[in-house]
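**Student:** My questions concern the predicted model and sequence given below.
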Amino acid sequence: MNILSIQSHVAYGHVGNASAVFPMQRLGVEVWPIHTVQFSNHTGYGAWKGQVFDGATIDELMAGIGERGVLGKCDGVLSGYMGSADIGHAILSAVAKVREANPKAMYCCDPVIGDVGRGVFVRPGIPEFMREQAVPAADIVTPNQFELELLTDVEVRTLADAHRAVEALRDAGPKVVLVTSLITNETPDDSIDLMAADGQGTYRVRTPKIDININGAGDAIAALFFVHYLRDGSAASALGKAASSIYGLLKRTKEAGSREILTVAAQDEFVTPSQLFAPEVV
Ligand SMILES: Nc1ncnc2c1ncn2[C@@H]1O[C@H](COP(=O)(O)OP(=O)(O)O)[C@@H](O)[C@H]1O
Ligand SMILES: Cc1ncc(COP(=O)(O)O)c(C=O)c1O
């Protein structure tokens, strides 16, 4: 399997492609990473150095890959944090090129806009771009609860609200939705939920909440969910596997007291999670 992964990259630590690429490789996937930025470290540190690339750079790399004649072998495109609408347009043009060469290729869009604690943290224009262009073009989307609410205008307080919002998002285009970090009024204080739907059903996984606040978990779970969905063709199966792997990864990270997720040291969690969480139909 070959996946084109267009995301931010950091030299030190694990967010964006630096969080998503290795877990996919560890699962045996050939990954073609294109970086939208190259920073020293993630922005959670408050200071960083490096460059933001532009749409033309992505177009150029896509043209080069196209010249190798391999786009027909690309099974999927994964995108994350976009940086600017210009980069967003280049990502959608990359998706179109891949689909032209392989009509069966899927596009998984992590519609990074913000989260419940921080609010919107992307540049002006990006929320509208996600809503009007990226989400309708995607086969799979992986919003957190904040992004789900923003993209659908549905306030999610109950499980029924979550169902309504997920169906509204599916009506907008993507047939598969994974909601991360979902807290409804039914979620116990010591737990965190994930929900996934694919038209065959809607499923939930509930794991313990770990006392850790870390960057890059969303990037890794979107990558794992995408790979497992492409392989298994089932949101329930992909949800159970991806959620179990991320829980194991974060548990090991907490035990080690690390500021960065243990993408390398805890890599066995990607293949054989130490604890398996089975999805329930909701
Ligand atoms: N503190 C935590 N405890 C348990 N699981 C967590 C925790 N933080 C993140 N996760 C897991 O990682 C997933 C992705 O995290 P999320 O916060 O949505 O990503 P990000 O903010 O990095 O995009 C969550 O759905 C959850 O399964
Ligand atoms: C460049 C870059 N990409 C991606 C991320 C992903 O962060 P998070 O997992 O918190 O959404 C961050 C977070 O700091 C970042 O700095």
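**Tutor:** Right, received. Where do you want to start? Ligands and ions are numbered 1, 2, ... in the order given.

**Student:** what's near enough to touch Thr263?
**Tutor:** Under the criterion of Cβ atoms under 8 Å, 6 or more residues apart in numbering, the neighbours of Thr263 are 14, 18-19, 22-23, 216, 220, 249. (Each C-beta comes from the backbone N, C-alpha and C, glycine too.)

**Student:** can you tell me which two in those are farthest apart?
**Tutor:** Distance extremes for the contacts of Thr263: the farthest pair is Ala18 and Leu249 at 14.0 Å, using Cβ to Cβ.

**Student:** does stretch 43-53 come close to ligand 1?
**Tutor:** No. Applying Cβ under 6 Å from any ligand atom, one finds stretch 43-53 separated from ligand 1 by no less than 9.9 Å.

**Student:** burial measure for Glu30, as a count.
**Tutor:** Glu30: 12 surrounding residues under other Cβ atoms under 10 Å.

**Student:** what does the average pLDDT come to for the longest helix along the chain?
**Tutor:** Taking DSSP state H as the criterion, the chain has its longest helix at helix 235-256. The average pLDDT within helix 235-256 is 98.

**Student:** now that helix, how far from the centre of its chain.
**Tutor:** 14 Å (Cα atoms, centre = their mean, to the nearest Å).

**Student:** Ok, stretch 34-54 next?
**Tutor:** With Cα atoms, centre = their mean, you get 18 Å for stretch 34-54.

**Student:** do it and ligand 2 meet at all?
**Tutor:** Yes. Counting by Cβ under 6 Å from any ligand atom, ligand 2 is contacted by stretch 34-54 at 37, 39, 42-44.

**Student:** pLDDT averaged over that stretch - what is it?
**Tutor:** Stretch 34-54 shows a mean pLDDT of 96.

**Student:** what about it, start to end distance?
**Tutor:** Start-to-end span of stretch 34-54 (Cα to Cα, to the nearest Å) is 12 Å.

**Student:** Just give me the neighbour total for Gly88.
**Tutor:** Gly88, neighbours per other Cβ under 10 Å, totals 22.

**Student:** cool, and Ile210?
**Tutor:** Counted with other Cβ under 10 Å, Ile210 comes out at 16.

**Student:** Kindly report the same for the one 3 residues further on.
**Tutor:** For Asn213, the tally of surrounding residues (other Cβ under 10 Å) stands at 8.

**Student:** mind checking which helix or strand it is in?
**Tutor:** Assigned by DSSP states H and E, Asn213 falls within no helix or strand.

**Student:** Strands along this structure, start to end?
**Tutor:** 2-10, 30-39, 50-52, 76-79, 106-109, 114-115, 119-120, 140-141, 176-182, 191-197, 202-208, 280-281 (DSSP state E).

**Student:** follow-up on the earlier one: redo the residues of stretch 34-54 next to ligand 2 as TSV? Include distance to Phe129.
**Tutor:** Converted to TSV, the residues of stretch 34-54 next to ligand 2 look like this (distance: Cβ to Cβ, whole Å):
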residue	distance to Phe129
Val37	17
Phe39	21
His42	22
Thr43	20
Gly44	23
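
**Student:** Buried subset of those as a PyMOL selection?
**Tutor:** Typed into PyMOL, the line below selects the buried ones among the residues of stretch 34-54 next to ligand 2, using 16 or more other Cβ atoms under 10 Å:
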select buried, resi 37+39+42
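
**Student:** what two of the residues of stretch 34-54 next to ligand 2 are the furthest from one another?
**Tutor:** Using Cβ to Cβ, those span at most 14.2 Å, a distance reached by Val37 and Gly44.
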